[in-house]
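>>> Have a look at this fold, sequence not included:
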């Protein structure tokens with residue numbers, strides 16, 4: 001199916017039969033994970049004579065899942081992730097399609113300790129790396145900070161001190177009008193930051209306001225062969241009342 005649309009006053013077309021999936025598959029075994037959680041657990045429901053497994057003699061497969069959106073799956077979160085007030089992410093979106101820009105970043109190593117918890121050896125996503133790359137009037141930004149897509153499917157992020165956004169960078173992205181921020185790391189913030197969450201707070205301008213329109217999507221994966229540029233983003237998530245929800249962001253090439 002081919003559709004026509006207008007982005008930044010330019011007419012474009014999209015082939016909806018050619019989606020590029022940015023989500024990673026969560027598995028019971030050998031799956032990627034972060035934040036020291038276990039892999040997802042899938043349990044067969046048993047109740048009296050009922051067995052929720054066809055292989056075990058039941059009539060249907062009927063199982064429950066134990067998941068942690070933040071730790072073992074691609075997920076989208078609202079400001080409710082860091083606020084005292086409950087802000088359910090499934091209530092945030094008024095639409096699911098957005099103009100989007102994919103930008104590849106090579107995080108830079110900090111050569112000395114700095115402000116806001118920056119330590120020598122940290123890898124930073126700094127404002128200088130993106131400020132001349134962002135196109136105007138784009139609704140969402142996809143940051144690729146890792147090149148080997150295949151290894152993301154089973155990567156364990158615990159104690160890796162992954163690259164993170166500086167507070168200044170997150171503020172800049174917000175001020176550019178970006179509503180939805182996506183990244184291929186477990187968090188836009190440092191793994192161990194004493195609970196400061198500076199990038200989250202800067203992007204949501206928290207606690208100065210309770211931003212109920214912006215989202216952050218983490219633990220995505222961008223195939224290596226996909227080039228930087230402008231895309232159409234479909235940001236879909238499970239309809240769950242929580243600060244974060246499993247999500248499946250998908251992009252489409254424009255032509």
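Good, I have the coordinates. Owing to the predicted nature of the structure, the values given are computational and were not obtained by experimental measurement.
>>> quick one: the strands in the stretch 151-255 of the chain?
For the stretch 151-255 of the chain, the strands defined by DSSP state E, counting those that start in this stretch cover 164-165, 180-183, 215-218, 229-234, 244-246, 250-253.
>>> any idea which of the ones you listed is most buried?
Neighbour counts (mean count of other C-beta atoms under 10 Å) averaged over each of the strands of the stretch 151-255 of the chain peak at strand 164-165, with a mean of 28. Yep, even glycine has a C-beta here, placed from its N, CA and C like the rest.
>>> Could you report the neighbour count for the residue lying closest to residue 156 once chain neighbours are set aside?
Leaving aside its sequence neighbours, residue 156 sits nearest to residue 33 (C-beta to C-beta, 6 or more residues apart in numbering; 6.1 Å). When neighbours are counted by other C-beta atoms under 10 Å, residue 33 registers 22.
>>> For burial, what's the neighbour tally of residue 58?
Residue 58 sits with 16 neighbouring residues when counted by other C-beta under 10 Å.
>>> right, and the secondary structure at it would be what?
coil (DSSP: H, G, I helix; E, B strand; the rest coil).
>>> what ranges do the helices span in this structure?
69-72, 167-175, 198-204 (DSSP state H).
>>> State the distance from the residue located most distally from the centre of the chain to residue 236.
Distance from the centre of the chain peaks at residue 49, with 41.8 Å (C-alpha atoms, centre = their mean). Separation of residue 49 from residue 236 (C-beta to C-beta, to the nearest Å): 38 Å.
>>> cool, residue 160 as well?
Per C-beta to C-beta, residue 160 is found 28 Å from residue 236.
>>> do the same with residue 140
Separation of residue 140 from residue 236 (C-beta to C-beta) stands at 13 Å.
>>> ditto for residue 114
As judged by C-beta to C-beta, residue 114 and residue 236 stand 38 Å apart.
>>> Give the residue from these two that has the larger number of neighbours.
Applying other C-beta under 10 Å to residue 114 and residue 236 shows that residue 236 carries more neighbours, namely 17 against 13.
>>> Correct me if wrong: the more buried one contacts residue 97.
No - using C-beta atoms under 8 Å, residue 236 is not in contact with residue 97, being 9.8 Å away.
>>> Do you know the pLDDT at the residue lying closest to residue 176 once chain neighbours are set aside?
The shortest distance from residue 176 to any residue that is not its chain neighbour, by C-beta to C-beta, 6+ apart, is 5.4 Å, and that residue is residue 134. pLDDT, residue 134: 94.
>>> before we move on, the earlier item: out of the helices of the chain, the one nearest residue 252 is which?
helix 167-175 (22.3 Å; C-beta to C-beta).
>>> Could I get the contacting residues of the residue nearest to residue 147 when sequence neighbours are not counted?
Spatial nearest neighbour of residue 147, chain neighbours left out: residue 224 (6.4 Å); criterion: C-beta to C-beta, 6+ apart. Residue 224 sits next to 147-149 when contact means C-beta atoms under 8 Å, 6 or more residues apart in numbering.
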